[in-house]
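[1] fold the following, please.
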Amino acid sequence: MIMGATIKELIKKEPNGLIARAYAFAEKAHAGQKRKSGEPYFKHPLATGEVLQSWHLDEATVAAGILHDTVEDTGVPLDTVKKEFGTEVASLVDGVTKLGHIKYRETPAKDGGKNDKDGAEELKAENLRKMVLALSQDLRVVFIKLADRLHNMQTLSSLPAAKQKRIALETDEIYASLAYRLGMHNVSGELQDLALPYLHPREYEWLLSIAKERFAEREKYLEKIKPQVKKVLEEHDIHPLDIEIRAKRYSSLYKKLLKRDMDIERVHDLVAMRIIVATLPECYAALGVIHEAWPPLPHRIKDYIAMPKPNAYRSLHTTVIGPEGKRVEIQIRTKEMHDENEYGVAAHWLYKQKQEGAAVSGKKLAQEIAWVQQLKNWQEHFAGNADDPEEFVRAMKINFFTDRIFAVTPRGDVIDLPAGSTPIDFAYHVHSEIGNSATGAKVNGVISTLDHVLKSGDVVEIITQKGKKPSEDWLRFAKTTIARDHIRMALRKKNTFARSLSLPTHAELRMTVEDRVGLIKDISGAIAELRIGIISFHTEPATGKTYHINKVEIASTDKKKIEKLAEKMRGVKGVKEISYRLL
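    As a prediction, this is how the structure comes out:
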């Protein structure tokens, strides 16, 4: 297959090749079909194939991309696809067909929406389960689905408004996040950009109005200094393969503005410069030359080559005070790093093919990606422990599709965690016994609590104590499903043992209260301040019309702590009497 060629160029070069035959077959199968926009339907599978070809994927994947809707939308039997194009292509088409069978519900339920919401969560959960299966069986199925979704998002304007928003939300939450996890930053960013105007239309219009002029101004400045940067590098015998000017994506800018009080003046990387060099040593040499020429800003140098991001992103980042005293963000990487950063696993596929001189198995590649296998194992575990589809979707988003951080063990091993994770999440990801016996942590050499929120690059050491058992309070701040599951399991064992000895496992607070707005919030806040978990909260009418009885079960049997809590509760407005008992 010719790298960089369009599908029509490939067909011209190889008129009897696999891609040419797939083109002819799909064009005939979709003849007469129209999309919602009114254009011929065949334009969509062809565009899907073009995207896959631009990612330099193998012929079977590109052919399957062109054929991906034939079985579902034209009535062509899968056996016919198998007979015409072989088992490999048919298997990919079948995988994409199964992945797309279940879609979000579009019609409201007759019961006012409750069953519709429940049904939507079940469908969403089923979609995610199918995605996991496709990921673990052959990554190429997911590549095709991402290419398919990319073109569907580019033509979303022809659909009804309600459907636009639903598809945009699914794209932003699932497909863009999945592309990011696969290291496909360019694909992820484009999907998020395409979803933004449908999810936040007013904010998007505002963003365009304030950013367009600033983007143009920054691009003009960087184009102006680009020759100076090139000259400085060449004077030190570094000859860049390319120097790119990259504008920040609108979706990325929107997220950053949310953290900067929507003040665009506080965003300094609207447009960045990418320097692409031939070798790894040249990356570091170029960084030294740039810093020699222009002073770097403190704390803005990031080495993602020595310590890649969890999704394998590699690059050197620095911000310098450039010519005319303006800040310039510069990224330095090799061509291989650049391709992998843009197209992730798809680019990795290409390099593997070049190294091995033959086609690389999609299943083999999936097995080499640790988090894909973790995802498969997690789903199998979760499927056996939870029947709640809403919880499945929530847990999957937290554990695999949210922003990621990487924390480091003292030995230098990198632990991939969702943003917001704490040392207790870190401990359980290292080993369940370390989690169960944790008493504290050192973060970057400083003693820290187990509920401390970690940041990328933190070096974490877990302090353990033999015989220590998990606290129910840990469930309040544990972020990951793996940590929460291990904590619950250990607590069940602990409570079973306690009950066998007739020991109390928790306590009940009984309060006579004068009901008022905000009372429950104040009571909950007082309990949380003492880091005690709430198991249940019940309110029942008391004698008379003025007072109620609140019964709160709490996760503590420490009498001193409960006495302190009771004293604190007496100071809460509306609490008249309070007592407790151990259960």
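[2] low pLDDT regions in the stretch 1-150 of the chain?
    1-4, 100-137 (pLDDT under 70).
[3] could I get the buried residue list for the helix or strand containing Arg166?
    According to DSSP states H and E, Arg166 maps onto helix 161-170. Using 16 or more other CB atoms under 10 Å as the test for burial, helix 161-170 gives Gln164, Lys165, Arg166, Ile167, Ala168, Glu170. The C-beta positions use only the backbone N, C-alpha and C, and glycine is treated the same way.
[4] could you dump those to a markdown table with pLDDT and distance to Lys212?
    Output for the buried residues of helix 161-170, formatted as a markdown table (pLDDT from 0 to 100; distance: CB to CB, whole Å):
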| residue | pLDDT | distance to Lys212 |
| --- | --- | --- |
| Gln164 | 92 | 24 |
| Lys165 | 90 | 25 |
| Arg166 | 87 | 29 |
| Ile167 | 90 | 26 |
| Ala168 | 92 | 22 |
| Glu170 | 83 | 29 |
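[5] which one among those residues gets closest to Val517?
    When the buried residues of helix 161-170 are ranked by distance to Val517 (CB to CB), Lys165 comes first, at 34.0 Å.
[6] just give the closest residue to the closest one, not the sequence neighbours.
    Distances taken as CB to CB, 6 or more residues apart in numbering place Tyr198 nearest to Lys165, at 5.5 Å, with adjacent residues excluded.
[7] using PDB, write out every CA atom in the helix or strand hosting the one you found.
    For Tyr198, the host element (DSSP H and E) is helix 185-199. Output in PDB follows, covering the C-alpha atoms of helix 185-199 (Å, rounded to 0.1, in the frame of the first residue of the first chain):
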ATOM      1  CA  HIS A 185      -4.300  13.200  20.300                       C
ATOM      2  CA  ASN A 186      -5.100  14.700  17.000                       C
ATOM      3  CA  VAL A 187      -8.200  12.500  16.600                       C
ATOM      4  CA  SER A 188      -9.300  13.100  20.200                       C
ATOM      5  CA  GLY A 189      -8.900  16.900  19.800                       C
ATOM      6  CA  GLU A 190     -10.800  17.000  16.500                       C
ATOM      7  CA  LEU A 191     -13.700  15.000  18.000                       C
ATOM      8  CA  GLN A 192     -13.900  17.300  21.000                       C
ATOM      9  CA  ASP A 193     -13.700  20.400  18.700                       C
ATOM     10  CA  LEU A 194     -16.600  19.000  16.500                       C
ATOM     11  CA  ALA A 195     -18.700  18.200  19.600                       C
ATOM     12  CA  LEU A 196     -18.100  21.600  21.300                       C
ATOM     13  CA  PRO A 197     -20.600  23.800  19.300                       C
ATOM     14  CA  TYR A 198     -23.400  21.300  19.900                       C
ATOM     15  CA  LEU A 199     -22.700  20.900  23.600                       C
END
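[8] which outside residues touch that helix?
    Helix 185-199 has contacts (CB atoms under 8 Å, 6 or more residues apart in numbering) with 146, 149-150, 153-154, 156, 164-165, 167-169, 171-172, 175-177, 179-180, 204, 249-252, 254, 313, 341-344.
[9] show me the helices in the stretch 401-550 of the chain, by range?
    Ranges of helices in the stretch 401-550 of the chain, per DSSP state H, counting those that start in this stretch, are 423-430, 432-436, 481-500, 519-529.
[10] next, format those as a markdown table and append mean pLDDT.
    Formatted as a markdown table, these follow (pLDDT from 0 to 100):
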| stretch | mean pLDDT |
| --- | --- |
| helix 423-430 | 91 |
| helix 432-436 | 90 |
| helix 481-500 | 74 |
| helix 519-529 | 81 |
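[11] pLDDT value on Ala555, please?
    Predicted confidence (pLDDT) for Ala555: 82.
[12] buried residues, stretch 86-102. List them.
    Burial within stretch 86-102, assessed by neighbour count using 16+ other CB under 10 Å, is assigned to Glu88, Val89, Ala90, Ser91, Leu92, Val93, Asp94, Gly95, Val96, Thr97, Leu99, Gly100.
[13] likewise stretch 512-520?
    So for stretch 512-520, counting by 16+ other CB under 10 Å, buried means Thr512, Val513, Leu519, Ile520.
[14] and stretch 320-335, by the same measure?
    By 16+ other CB under 10 Å, the buried positions in stretch 320-335 come out as Val320, Gly322, Val328, Glu329, Ile330, Gln331, Ile332, Arg333, Thr334.
[15] any idea which of these is closest to Asp237?
    Asp237 lies nearest to Ile332 out of those, by CB to CB, at 15.7 Å.
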